[in-house]
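Novice: predicted model and sequence below, questions to follow.
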Amino acid sequence: MQRIGFTTLCVLGLLVLLAVPAAGVLLEETYLGKVTKVDPANELINIKVIGKWNGEQYAPADPVILSATEPYTVAYDNIAQGDEVVATLMGGTEWIAIGRVQNIQSTEKPLSWMVGDPDAMPAPMMNFVRVGYEITPDCSNCSGTVCTGTEALVSVSQYKYEPGKMTETAVLATRTMQPGELWDYQAPEGYQTNMRIRYLAGEADVSACAGTGPADMMVGPQPVSAFTVDTYPKAQAVPTTAPTPVPTQLPATEEPTAEPTPAPTQLPETPEPTPTAVPGFAVIGAMAGLALAGRLLRR
């Protein structure tokens, strides 16, 4: 009987260790489609598939209807029949990320609202921003490959999209959040998308805890976390000081013309009355002389 060498046994053992964790990973598939049914009573959302994410784009797919559970009830208030959505199915049974498409004409299918795991969602939010996170594990509460998460370090980043390529161009803000906490993110100057981000629940890989390694890991699914992300446009800036009013230009007013001083009414000239002739002293003397001469003749 052929003997198996020690080295061969070590190689086979290593292959087994590498294969065991992989066996626990659940398949994730992302679809583009339209909602055909929203059933909150049974926690189900049905989607008619029109495309499937292939790592670079949404490739055409058979128009089948997929039905899966959606555990977060907030989805039923924000996703309606007829909406175009991007949704990621894990293990063929649960939507771990589902978002409402904001611009159906765009090839990137940006979202206006989503619930679930942002890491499982290839579509960006409106204006090409994305939410990322790192979960802090509770190392005393682990099962298999997954530990329950405590706080989350959440980031908002701007991305640039090119065909088949996604590039982060700037980290706009970060914040440490507790489960259930809401972050009303306000975009900085030069960016247009505000977001309300709520951290619902988180999981972390057990490898984040000290003292773990391949030999310590057990078979189990990959960690999944959940957030809600609601976008809304940035309001137009309102000036803090009132602008100086421009004086209203009134039509030019002519200087009033001084009233001429009225000339006194020119009364018609009254002709001077012709004076009545009054006998002068010479005439009177002559008449007196004639009277005296008459008296002398009568003598």
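Specialist: Now that the structure is in, tell me what you want to look at. Note that the coordinates shown come from a computational prediction; the quantities given were computed from them, not determined experimentally.

Novice: switch to C-alpha atoms for all contacts and neighbour counts from now on
Specialist: Noted.

Novice: so for stretch 32-50, what gets flagged as buried?
Specialist: 32-38, 40, 43-50 (16 or more other Cα atoms under 10 Å).

Novice: so what secondary structure elements neighbour whichever strand in the chain runs longest?
Specialist: Longest strand of the chain, by residue count under DSSP state E: strand 146-162. Applying 3 or more Cα pairs under 8 Å, 6 or more residues apart in numbering; DSSP states H and E, one finds that strand 146-162 contacts strand 129-143, strand 165-177, strand 203-205.

Novice: now the helices: where do they sit in the stretch 1-150 of the chain?
Specialist: Applying DSSP state H, counting those that start in this stretch to the stretch 1-150 of the chain gives helices spanning 6-24.

Novice: in it, where is pLDDT below threshold?
Specialist: For the stretch 1-150 of the chain, the stretches with pLDDT under 70 are 1-23.

Novice: which parts of it are strands?
Specialist: According to DSSP state E, counting those that start in this stretch, the stretch 1-150 of the chain carries its strands in the segments 28-39, 44-53, 58-60, 65-69, 84-90, 94-101, 111-116, 129-143, 146-162.

Novice: for the third one, which positions count as buried?
Specialist: Applying a neighbour-count criterion of 16+ other Cα under 10 Å, one finds residue 58 buried in strand 58-60.

Novice: likewise for the fourth one?
Specialist: Of the residues in strand 65-69, those buried by neighbour count under the rule 16+ other Cα under 10 Å are 66-69.

Novice: pipe those into JSON lines and attach distance to residue 197 per row.
Specialist: Formatted as JSON lines, those follow (distance: Cα to Cα, whole Å):
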{"residue": "66", "distance to residue 197": "28"}
{"residue": "67", "distance to residue 197": "27"}
{"residue": "68", "distance to residue 197": "24"}
{"residue": "69", "distance to residue 197": "22"}
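
Novice: picking up where we left off before, take the helices and strands packed on strand 146-162 and write them to JSON lines, including mean neighbour count and distance to residue 225.
Specialist: Compiled in JSON lines, the helices and strands packed on strand 146-162 are given as follows (neighbours: other Cα atoms under 10 Å; distance: least, Cα to Cα, whole Å):
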{"stretch": "strand 129-143", "mean neighbour count": "19", "distance to residue 225": "8"}
{"stretch": "strand 165-177", "mean neighbour count": "14", "distance to residue 225": "13"}
{"stretch": "strand 203-205", "mean neighbour count": "24", "distance to residue 225": "5"}
